[in-house]
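Participant: What shape does this take:
(one chain, ligands or ions: 1)
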Amino acid sequence: MTNRLIERVSHAGGRPIPDAATGEIIGHTREDSAAALEAMISRGVAAQRSWAALSPHARGMTLHAAAAKVAEYAEELADAVSREQGKPLNGPGARLEVEACQRWLHTNADLELAPEVLVDDAENYSELIYRPVGLVGAIGPWNWPLMIMIWQIAPALKIGNAVIVKPSEYTPLSVQALVSVLNEVLPDGVLQVVVGGPEVGAALPAHPAFGKIMFTGSTRTGKAIIKASAQNVTRLTLELGGNDAGIVLPGTDVRKHAENLFWGAFINTGQTCAALKRLYVHESQYDETVAALAEIANATPMGRGVDEESLLGPLQNRMQFAVVERLVEDAKARGRRIVTGGDPAPELGPNFFRATIVADAEDGDPLVDEEQFGPVLPVIRYADLEDAIARANRLDAALGASVWSDDAQRAREVALRLEAGTVWINKHGGIHPLVPFGGIKGSGYGLEFGFEGLKATGVPVVITSR
Ligand code: NAD
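Facilitator: Numbering: from 1, shown residues only. This next block holds a predicted model:
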């Protein structure tokens, strides 16, 4: 089918963008100059004043209308992200991503930040309020390009900011399509998209016009943004890379949890920040867990995202394909056991890699210590729970973690000791627009979602009297 949104944003003579599964060109993207960014900044700064002057309720009504627009174009948006990013339409895929965009817009539309009265006595009346920062720069990755952009856009707009988004160079068309849909109802200049590569991204934190940079992407780029932002003391929210551990406690009914374990790791074909990336299983249940995961991997259809039966798709790009291939080849060279998968699937297309379960993996293996960001799960055997907790906590990445057990009390005790921004019990990666999300240690700082996320897109100001 031709996608009218891709046609709408495609730029004749621009940079060709391939279908992640087939390599066919799906459209061409414009790329913006430094002068174009300056013009957007002036436009955004001017538009923000009248947007901030509206009541929070009025801004909320506009965000509800924007969500309704996303619903109207849902199939075209899902098709665009499925082609460009590669994720299947079905399962936890492109349609879910577009639904999440609506959900995050609606939820933020209804959030109202009342002044917080801190002290109210004879000598002191103090309240804390949140004002917009002005202009927000939102820099996004290629794995969940629409949903992650909405996580940044929805609260930033709700509190009264103007936003300039910078999509990943790998997924510029679907984000431009989303912005064009939102702009059918948003006032002019409040939401704009600047298109380009890392150098365009780097221009945002270095520019004094931005009061806040919201960044989701790799830890390496996050560190560069911290440096660049120092000059202007720009506020930052950094959602960086993860290498989430899961621990299966002894005595757990692993067959019951196998589907959740599998999708915790293989959601979006493993290209998810808070996916299960290393699984520690007690020796008493090790073989059973590995076998259950391999069975599901073998039974889960992989193919083009736009084929309705696919539940796993390709890697989005050659760079990520090379990372996955290198880590799996290294695991083989170390004699680790490839229970299923372990190879590319060229008959499906150039970027496909089979769903892979690697048993007898060890801490220190690059597949365990580095973020694979692909359809490969290393499973590590443990004998002593204390040792498993220490191994789960030993890396700098600390976005999410999970504990798997049918004993709720024991699961909670272990959860309290895991170093990660979110610890899930008997699931991995589930998110909710009212539940704050963010990493600790090398996975970044600042929270998104809910009231905490809304506050983070503004500046706190104290008004004090008496
Ligand atoms: P990336 O860091 O390579 O790129 C992300 C964005 O930053 C792109 O738009 C890119 O153009 C831009 N960029 C590159 N260099 C820049 C610079 N110097 N200054 C400013 N911007 C710059 O990340 P990616 O490969 O697109 O995304 C995958 C990574 O993102 C993984 O590590 C994944 O775990 C992480 N991620 C984290 C979350 C989270 O919520 N914590 C969510 C999704 C992805």
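Participant: contacts for the helix or strand encompassing Ala224?
Facilitator: Take DSSP states H and E as the rule and Ala224 turns out to sit in helix 219-230. For helix 219-230, contacts defined as Cβ atoms under 8 Å, 6 or more residues apart in numbering pick out 139, 198, 201-202, 205-206, 213, 215, 236, 238, 240-241, 396-397, 442-444. Glycine gets a C-beta too; all of them are placed from N, C-alpha and C.
Participant: in that helix, what's buried?
Facilitator: With burial defined by 16 or more other Cβ atoms under 10 Å, the residues of helix 219-230 counted as buried are Thr219, Thr221, Gly222, Ile225, Ile226, Ala228, Ser229.
Participant: tell me the mean pLDDT for that helix?
Facilitator: Across helix 219-230, the average pLDDT comes to 97.
Participant: CA atoms only: put that helix into CSV for me.
Facilitator: Only the C-alpha atoms of helix 219-230 are listed here, as CSV (Å, rounded to 0.1, in the frame of the first residue of the first chain):
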residue,chain,number,x,y,z
THR,A,219,25.1,6.2,27.2
ARG,A,220,28.0,7.4,25.0
THR,A,221,25.8,10.1,23.4
GLY,A,222,24.4,11.0,26.8
LYS,A,223,27.8,11.8,28.1
ALA,A,224,28.5,14.0,25.1
ILE,A,225,25.3,15.9,25.8
ILE,A,226,26.2,16.4,29.4
LYS,A,227,29.5,18.0,28.3
ALA,A,228,27.8,20.2,25.6
SER,A,229,25.1,21.4,28.0
ALA,A,230,27.6,22.5,30.6
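Participant: Flag every residue of the chain that's near the ligand.
Facilitator: Counting by Cβ under 6 Å from any ligand atom, the chain comes close to the ligand at 139-143, 148, 166, 168-169, 197-198, 201-202, 216-218, 221, 224-225, 239-242, 273, 371, 373, 399, 439.
Participant: Tell me where the stretch 51-200 of the chain has strands.
Facilitator: 116-120, 125-132, 135-139, 162-166, 191-193 (DSSP state E, counting those that start in this stretch).
Participant: Show me what the last one is packed up against.
Facilitator: Here strand 191-193 touches helix 34-53, strand 162-166, helix 172-182, going by 3 or more Cβ pairs under 8 Å, 6 or more residues apart in numbering; DSSP states H and E.
Participant: what sits up against that strand?
Facilitator: Contact with strand 191-193 is made by 40, 43-44, 153, 157, 162-167, 175-176, 179, 182-183, as judged by Cβ under 8 Å, 6+ apart.
Participant: Neighbouring strands of that strand in the sheet, and parallel or not?
Facilitator: If you go by DSSP bridges, strand 191-193 pairs up with strand 162-166 (parallel).
Participant: tilt between the partner strand and helix 172-182?
Facilitator: With axes from the mean of the first three to the mean of the last three Cα atoms, to 10 degrees defining the directions, strand 162-166 sits at 160 degrees from helix 172-182.
Participant: Quick one: distance of strand 162-166 to the chain centre.
Facilitator: Put simply, strand 162-166 sits 17 Å off its chain's centre (Cα atoms, centre = their mean, to the nearest Å).
Participant: Could you do stretch 407-424 as well?
Facilitator: Averaging C-alpha positions (Cα atoms, centre = their mean) puts stretch 407-424 22 Å from its chain's average.
Participant: May I have the distance across that stretch, first residue to last?
Facilitator: The straight-line separation of the ends of stretch 407-424 (Cα to Cα, to the nearest Å) is 14 Å.
Participant: how about the closest residue to Val306 other than its chain neighbours, what does it touch?
Facilitator: Nearest residue to Val306, sequence neighbours excluded (Cβ to Cβ, 6 or more residues apart in numbering): Ser82, at 5.1 Å. By Cβ under 8 Å, 6+ apart, the residues touching Ser82 are Pro88, Leu89, Gly93, Ala94, Gly305, Val306, Gly313.
Participant: How confident was the prediction at the third one?
Facilitator: Same thing as Gly93. At Gly93, the model reports a pLDDT of 98.
Participant: Report the contact partners of it.
Facilitator: Applying Cβ under 8 Å, 6+ apart, we find Gly93 in contact with Ser82, Lys87, Asn268, Gly305, Leu311, Gly313.
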